[in-house]
Each structure stands twice: as C-alpha cells, then as structure tokens.
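In: Got a predicted structure here, sequence first:
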Amino acid sequence: MPDKSMYEKSLDLFPPIALRATQLGIVKGEGAYVWDENGKKYIDFASGVAVVNCGHNHPYVLEKAKAQMDQLVHGGHNVVYYPSYIKLAEKILDHVGHDYKIYFSNSGAEANEAAIKLAKQVTHRPGIITFKHSFHGRTLATTTLTASNAKYRRNYEGLLPSVYYADYPYATRSGLTEEQEVARCLNTLDEIFHDLIEPEQVACMILEPIQGEGGYIVPPKAFLQAIRKICDEHGILLVFDEVQTGFGRTGKIFAYENFDVKPDIMSLAKAIANGFPLSALVARRDLMDKWPAGTHGGTFGGNPVACAAGVAVFELLEGGLVDHGKEVGAYFKEKLLQLASERDEVLEVRGLGLMIGIEFVDRDGHPDGDLVTAIRAKALEKGLILLSCGVDHNVIRFIPPLIVTKEQIDDAFDIFKASVEASLDEVAQKH
C-alpha cells in the first residue's frame with residue numbers, strides 16, 4: 001500500500017481550520033518555484049501569501065540567517081538586546097523616518113492588536129473605525145476589525161466593543177464615478193460621527209492602503225488623503241495595515257508612499273523577513289514614548305534570526321529589487337489588460353506593482369466565484385499556484401516573488417490564459 005500524501009496524513013492530525021488553499025505537499029522552494037513531494041515543479045504566484053517577496057530560499061537571506069544562528073537563536077527581547085534587533089529597527093526607521101519608533105512581534109494580527117492597544121493607551125478614547133471588506137487578522141480583536149466575510153466572526157460574537165464600519169471605495173461595484181464613490185464612502189463616516197459615536201471619542205481609524213482579502217481594491221488617492229485630513233481635524237490616529245502591502249509589493253517599499261499619505265501608526269509583517277516569523281508596529285515617536293513599560297509584550301517577538309533575515313530583505317529591496325518588481329509588475333499587468341479586453345467575463349484588472357487582482361463575473365455580470373475556483377484548479381494542474389480573494393471569492397490575486405523574471409511571467413501567463421479559456425469553454429458547454 002503506497003504511503004499517504006502529506007494532505008492525507010494531515011486529515012488525521014489537524015482540525016479543519018488547518019486546511020490549505022491547495023492539497024500540495026511541498027518539499028523544496030527556490031526563487032519563484034516550489035516542488036511537491038512527487039517531484040512536480042510549480043511556478044508559485046502565491047508566495048506563501050505575499051511572504052517570500054525575495055523568492056524562496058534567497059541565498060543572501062539564508063546566509064545572514066545562518067550566520068545569526070551560529071551566534072544567537074533566542075535572547076528574549078524582554079530580557080536582553082542583540083545586534084540584529086537594533087539593526088533592523090534602524091533600517092526600517094531610516095526609511096520611514098526617525099520621528100517614528102518600532103516594536104517587533106511575530107504576526108500581522110499581533111501587530112494590529114498592538115496598534116489598537118497603543119491608540120487606546122495614548123488617546124484615552126474607546127472608539128475604533130474600520131472599513132468594510134477589510135482583513136486585519138483572526139485574533140478576537142482583529143476579528144472584530146475584519147469585515148470581509150461573516151464566517152470569520154461566526155460563533156465568536158461578543159467581540160471588541162465600540163468598533164464601527166465605514167465603506168471603502170469600490171467604484172467597480174457601485175457603478176459610480178471615482179469622485180462620486182469617494183464622496184459616498186466619506187458620507188458613511190459622517191453618518192457614523194452623527195449617529196453612532198462622536199469623532200472626539202474615536203481613538204483610531206484602521207485601514208489597508210490597498211485591500212487584500214477584500215479583493216485587491218486600490219482606493220483613489222483622494223480618499224486616503226481625505227481620511228488623513230479628517231483624522232487630523234479630530235485628533236484621530238490613522239493606522240495603516242501594511243501587512244500584505246509592505247516591503248516592495250506595490251512598487252514602493254511601503255504602499256503609503258504611492259498615495260502621499262503617511263500614517264501615524266503602521267503594522268508590518270508577512271514579507272518583512274522572507275518567511276521567518278516576524279512583524280512590527282511602527283508609530284510616531286511621540287506616541288510610542290507614551291506607551292508604559294509592561295502594558296504590552298510577548299516572548300518571541302523580534303527573534304534574532306528573523307531580524308537578521310529582515311536586515312537582508314531590506315538590503316535587497318534597497319539594492320534594486322523594488323524597482324525590478326515594479327517593472328515586471330507593469331509588464332504583467334499589461335498582459336492581463338490585453339486578456340481582459342478579449343473577455344467580457346473579466347470585470348477589471350487592478351493593482352500596483354506585483355499586487356494585482358483580476359475580477360471575474362458571469363454572463364449576467366454577477367460575481368463568479370465558481371469560475372475562479374475552476375481557473376485555479378486548472379492552473380494548478382498545469383503547474384501554477386494561484387490564490388483567490390474578494391468578498392465573493394471571484395478575484396484571482398497575483399502575488400509572485402519580486403525576483404520573478406519576465407520569462408517566468410510569460411510562462412505563468414500562458415498557463416493562466418489557457419486555464420481561463422478551458423474553464424470558460426466548460427461553462428459554455430453547460431449552457
């Protein structure tokens with residue numbers, strides 16, 4: 001009897017919450033490729049959900065991580081200081097500005113939890129405003145902030161109090177012009193302030209500068225700039241969740257740079273250390289200096305090995321990787337736009353850098369999550385790993401490593417296009 005696959009073994013070992021987007025058992029990764037337990041090679045356009053921006057097993061990142069392992073694996077950032085911790089903080093703040101400070105944790109949800117605690121601590125206000133279609137994590141507090149799918153909240157209700165939900169611009173769905181959509185969404189904020197909570201009682205607004213789980217939705221610059229102005233008028237702290245958008249993903253080191261809007265607080269994770277568990281909260285120095293010792297913490301945050309990897313990541317980004325990602329992202333987006341012009345089922349191609357979404361609808365113009373599921377399955381058979389997103393699961397998100405080449409983009413696009421055509425042929429046959 002043949003050995004069970006990793007997937008088959010997992011069914012006996014783990015609960016349903018541990019199910020994956022695929023059934024692949026992966027044993028090796030290199031650059032933009034991974035290999036499964038049967039030796040099959042895949043182009044990875046998921047990147048561990050936007051984590052390995054420098055590519056799988058980047059030799060420079062591994063070199064720095066291995067060197068750190070020879071010196072110190074764990075010191076405990078509640079106990080001692082160590083060089084990689086200091087150096088990564090300096091690297092990030094050299095870019096963001098030294099009028100900010102930084103605190104390291106393990107995951108994006110932890111960083112967002114820290115953002116909430118900091119905002120409440122320094123403002124002494126109870127309220128938080130988040131945005132519909134958002135995703136901020138799955139701890140109890142970040143589940144409260146998340147508004148992209150009701151399943152994340154099912155049976156967990158009785159969540160964080162005093163959280164309010166405004167609309168995030170999505171003109172493709174509303175049918176309004178960009179200007180009208182911005183006005184509509186800002187009006188939902190006015191309604192919150194008028195009907196539910198006075199702005200002087202709001203500690204912070206938290207949002208993704210580009211929504212991830214919600215559908216790779218890029219807001220108009222005018223919207224984020226208006227939010228910045230509203231926050232300034234009322235003493236509300238502006239929090240950007242850059243967990244998925246950070247570290248070169250959008251053609252800038254941080255996505256806020258695309259919009260000429262700087263947040264007061266920013267959460268970072270995913271690509272920060274190219275696969276090593278690490279996250280960070282970055283916030284204005286005057287806010288951080290009001291955060292008393294002992295009111296927040298954790299055992300494993302800022303692990304020495306993860307921080308060493310993070311330093312390597314930042315050096316690679318500064319050494320040309322961000323520009324490369326922006327260039328190949330534009331190349332890929334142009335190919336997708338050409339495909340969209342040939343297919344009525346493509347509602348929109350959108351994104352910045354190598355954070356690109358393509359939204360599908362059926363012949364009646366309704367979101368078509370089933371089509372996206374079929375496309376992903378066919379692409380996987382052909383050796384391309386893709387993920388979906390969107391509140392109706394009808395958006396395919398492309399998040400390849402930033403090191404991806406135009407030749408690899410071509411290979412992936414050919415597989416994707418063939419998968420789209422085959423899936424649409426099946427739909428046509430059913431009708």
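Out: Received, thanks.
In: Only C-alpha atoms from now on, for both contacts and neighbour counts.
Out: OK.
In: Pull the residues that contact the helix ranked longest in the chain.
Out: Using DSSP state H to define each element, the chain has its longest helix at helix 406-430. Applying Cα atoms under 8 Å, 6 or more residues apart in numbering, the external contacts of helix 406-430 come out as 43, 328, 331-332, 335, 339, 371, 374-376, 378-379, 382-384.
In: How about stretch 118-125?
Out: 126, 200-204, 237, 287-288, 290-291.
In: Checking the residue nearest to the spatial centre of the chain next. Helix, strand or coil?
Out: Nearest to the mean C-alpha position of the chain, counting by Cα atoms, centre = their mean, stands Q244 at 1.9 Å. Q244 falls in the coil class when you classify it by DSSP: H, G, I helix; E, B strand; the rest coil.
In: Can you tell me how far it is from F300?
Out: Going from Q244 to F300 by Cα to Cα, to the nearest Å gives 21 Å.
In: mind showing which ranges of the chain have poor pLDDT?
Out: 1-2, 431 (pLDDT under 70).
In: what about G39, how many neighbours?
Out: Look at G39: counted by other Cα atoms under 10 Å, it has 11 neighbours.
In: so where do the strands sit in the stretch 101-250 of the chain?
Out: Assigned by DSSP state E, counting those that start in this stretch, the stretch 101-250 of the chain shows strands spanning 127-131, 163-166, 202-207, 237-241.
In: Using TSV, please lay out the ones you listed together with mean neighbour count.
Out: Shown next, in TSV, are these (neighbours: other Cα atoms under 10 Å):
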stretch	mean neighbour count
strand 127-131	23
strand 163-166	19
strand 202-207	26
strand 237-241	27
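In: Of all these, which one comes closest to D190?
Out: Checking these against D190 by Cα to Cα gives strand 163-166 as the closest, at 9.3 Å.
In: Partner strands of that closest one, with direction?
Out: Using DSSP bridges, strand 163-166 pairs in its sheet with strand 127-131 (parallel).
In: Could I get the CA-only coordinates of the partner strand as CSV?
Out: Taking C-alpha atoms only, strand 127-131 is exported to CSV below (Å, rounded to 0.1, in the frame of the first residue of the first chain):
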residue,chain,number,x,y,z
GLY,A,127,-13.8,54.0,19.6
ILE,A,128,-12.3,52.4,16.5
ILE,A,129,-13.4,52.8,12.9
THR,A,130,-12.5,50.2,10.4
PHE,A,131,-13.7,49.6,6.8
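In: Contacts for it, please.
Out: Applying Cα under 8 Å, 6+ apart, the set of residues contacting strand 127-131 is 145-147, 162-168, 197, 201-207.
In: circling back: list the buried residues for the longest helix of the chain?
Out: 409, 412-413, 415-420, 423-424 (16 or more other Cα atoms under 10 Å).
In: possible to save those as CSV with distance to I102?
Out: Putting the buried residues of helix 406-430 into CSV (distance: Cα to Cα, whole Å) gives the following:
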residue, distance to I102
I409, 36
A412, 38
F413, 39
I415, 42
F416, 40
K417, 43
A418, 46
S419, 44
V420, 44
S423, 47
L424, 48
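In: which among those gets closest to K262?
Out: For the buried residues of helix 406-430, the nearest to K262 is I409 (32.1 Å; Cα to Cα).
In: rewinding a little: close enough to count as contact, the residue nearest to the centre of the chain and A269?
Out: Yes - at 7.3 Å, Q244 and A269 qualify as touching, with contact defined as Cα atoms under 8 Å.
In: For the stretch 151-300 of the chain, which segments are assigned as helices?
Out: All helices of the stretch 151-300 of the chain, identified by DSSP state H, counting those that start in this stretch, fall at 171-174, 178-195, 221-234, 285-288.
In: In the first one, which residues are buried?
Out: For helix 171-174, the buried set under the neighbour-count rule, 16+ other Cα under 10 Å, comprises A171.
In: Now do it: which elements does it pack against?
Out: helix 178-195 (3 or more Cα pairs under 8 Å, 6 or more residues apart in numbering; DSSP states H and E).
In: what do you get if the cut-off is 10 Å, keeping everything else the same?
Out: helix 178-195, strand 346-352 (3 or more Cα pairs under 10 Å, 6 or more residues apart in numbering; DSSP states H and E).
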